[in-house]
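Enquirer: Need the 3D shape of this:
(one chain, ligands or ions: 1)
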Amino acid sequence: MPDVTLKPRDRACTEQEWADITLRDGLRDTRGASGCAGRLAVGPQAGRRTMENGPMDTLDLTGTARAREQAVARMLACVRGIEQREGVSRASLEKIKQALIELSRRTELFPEAHFPPPTAGEDATLYGLSVDADNRHALYVYRPAPGKQTPPHNHTTWAIVVGIHGEEPTRVYERVTEDRATGRATLRVRDEFVVGPHTGAAYMPDDVHAIHIAGERAIMHLHLYGRSLLDLPERVNFDLARGTFSRPAGRPVVLKPVAA
Ligand SMILES: [Fe+2]
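Expert: Below you'll find the model as predicted:
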C-alpha cells in the first residue's frame, strides 16, 4: 500500500488532523465527494481522453496513479478542514498553499507520461485531478507551453498555483478605475514574481493576475481553485490596451491524465 505520509515540518494541518485523515477516508473522498465527475466534460481534443466520457477510470490505475489519487484526497481533506475552520482569507489561503506545496514535493506522482505536454498547435494542456460533487475544490495539472500568456484576469473564486517544474512569471494587478456598467477598467501592476518548483501564489476571488511562460519546454504546475474552472461564468479578462474587460469566450478543455 503506498505511503502518503508527509514530513511533520511540511504539514499545513495539525498532527491530529493528519491522524484523522486515514487512508480509507482519503479513498472515500476521492470516489465520493471529490471524484473526477463526468461534469468536467468539455469538447474533445485531438484523440485525448477528456472528462466528458465519464468518471475517472479506477480499474486501470497504475500504482503511481493510485498513490497520486490517495495523496490528492488527503491534501483536499486538509484543505476542506482549513476552509471550514477559517473561511477564505489571505491567511487561510496561505495555509492551503502550504498543503498544495506539500503535494508538489511528491514529484514521483506527476510523471511526464501521465501528463503529456501540449503538442504543436496547442498552447497548453490541462488535466483534471479532482473536483467535488458540488463543483468545489477543483485540482488540475496545468502545462502551458513557452510563449503562452494570459490577459489579466480574475477567477471569481480563490485560487492557488504551485510549481512542480518550470517557472511561471506572474504579474498581479490592482484596479485603478473600474466601471462595471460600461465594462471599462484600467489596471496597474502591483506585484511581479515567479512561481517555480514548490513555491506558490494564492489569489483571492477578485484578485487580477496574468502569466507569460518563457523557457524552452512546457512547465508543469498544480492549480487548485475553490470552484471548477468550468463553472465560473462571471470571471473576466482585462484588455489593457483598450481599457476594457469582458467574459472570456469558450471554456477550457479538461483532459484525463494518462493513467495506464
Ligand atoms: Fe489565473
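Enquirer: Where does the prediction get shaky in this protein?
Expert: Low-confidence segments of the chain, defined by pLDDT under 70: 1-61, 260.
Enquirer: Now do the helices in it.
Expert: Listed in chain order, the helices of the chain (DSSP state H) span 15-20, 23-31, 63-86, 90-104.
Enquirer: Show me where this structure has its strands.
Expert: Remark: strands assigned in the chain by DSSP state E are 124-130, 136-144, 159-165, 168-179, 184-195, 200-203, 208-211, 220-227, 237-239, 244-246.
Enquirer: Residues contacting the fifth one, please?
Expert: Applying C-beta atoms under 8 Å, 6 or more residues apart in numbering, the external contacts of strand 184-195 come out as 152, 161-163, 167-179, 201, 208, 221, 238, 240, 243-245. In short, each C-beta sits where N, CA and C put it, glycine included.
Enquirer: Also the first one?
Expert: Contact partners of strand 124-130, identified using C-beta under 8 Å, 6+ apart, comprise 30, 34-36, 40, 51, 68, 72-73, 76, 114-118, 137-145, 148, 218, 229, 252-257.
Enquirer: Which among these count as buried?
Expert: Buried subset of these (neighbour count, 16 or more other C-beta atoms under 10 Å): 30, 34-36, 40, 51, 68, 72-73, 76, 114-115, 118, 137-145, 148, 218, 229, 252-257.
Enquirer: For residue 215, grab the count of nearby residues.
Expert: Using other C-beta atoms under 10 Å, residue 215 is surrounded by 13 other residues.
Enquirer: Which residues are in contact with the nearest residue to it once chain neighbours are set aside?
Expert: Excluding the flanking residues, the one nearest residue 215 by C-beta to C-beta, 6 or more residues apart in numbering is residue 146, at 5.2 Å. When contacts are counted by C-beta under 8 Å, 6+ apart, residue 146 touches 213, 214, 215, 216, 217, 218.
Enquirer: Select, from those residues, the two members most distant in space.
Expert: The largest separation in the contacts of residue 146, counting by C-beta to C-beta, is between 214 and 218 at 11.7 Å.
Enquirer: picking up where we left off before, now distance to residue 102 too, for the contacts of residue 146, in TSV please.
Expert: Shown next, in TSV, are these (distance: C-beta to C-beta, whole Å):
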residue	distance to residue 102
213	24
214	27
215	25
216	28
217	25
218	23
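Enquirer: Touching, residue 105 and residue 198? I think so.
Expert: Yes. Look at residue 105 against residue 198 with C-beta atoms under 8 Å: they come within range, at 5.8 Å.
Enquirer: So the spatially most central residue of the chain versus residue 215, what's the distance?
Expert: The residue lying closest to the centre of the chain (C-alpha atoms, centre = their mean) is residue 223, at 1.7 Å. Using C-beta to C-beta, to the nearest Å, residue 223 is found at 18 Å from residue 215.
Enquirer: swap in residue 159?
Expert: Residue 159 is 22 Å from residue 215, by C-beta to C-beta.
Enquirer: try residue 234
Expert: Applying C-beta to C-beta, the value for residue 234 to residue 215 is 32 Å.
Enquirer: cool, residue 120 as well?
Expert: Distance, residue 120 to residue 215, by C-beta to C-beta: 17 Å.
Enquirer: Then residue 248?
Expert: According to C-beta to C-beta, residue 248 and residue 215 sit 25 Å apart.
Enquirer: And residue 231, by the same measure?
Expert: 31 Å.
Enquirer: what do you get for residue 166?
Expert: 6 Å.
Enquirer: same deal with residue 115?
Expert: Per C-beta to C-beta, residue 115 is found 17 Å from residue 215.
Enquirer: now do residue 153
Expert: 22 Å.
Enquirer: cool, and residue 254?
Expert: Using C-beta to C-beta, residue 254 is found at 24 Å from residue 215.
Enquirer: Same question for residue 171.
Expert: 17 Å.
Enquirer: With residue 157 instead?
Expert: 28 Å.
Enquirer: And residue 190, by the same measure?
Expert: 24 Å.
Enquirer: what does residue 102 give?
Expert: For residue 102 relative to residue 215 (C-beta to C-beta), the value is 25 Å.
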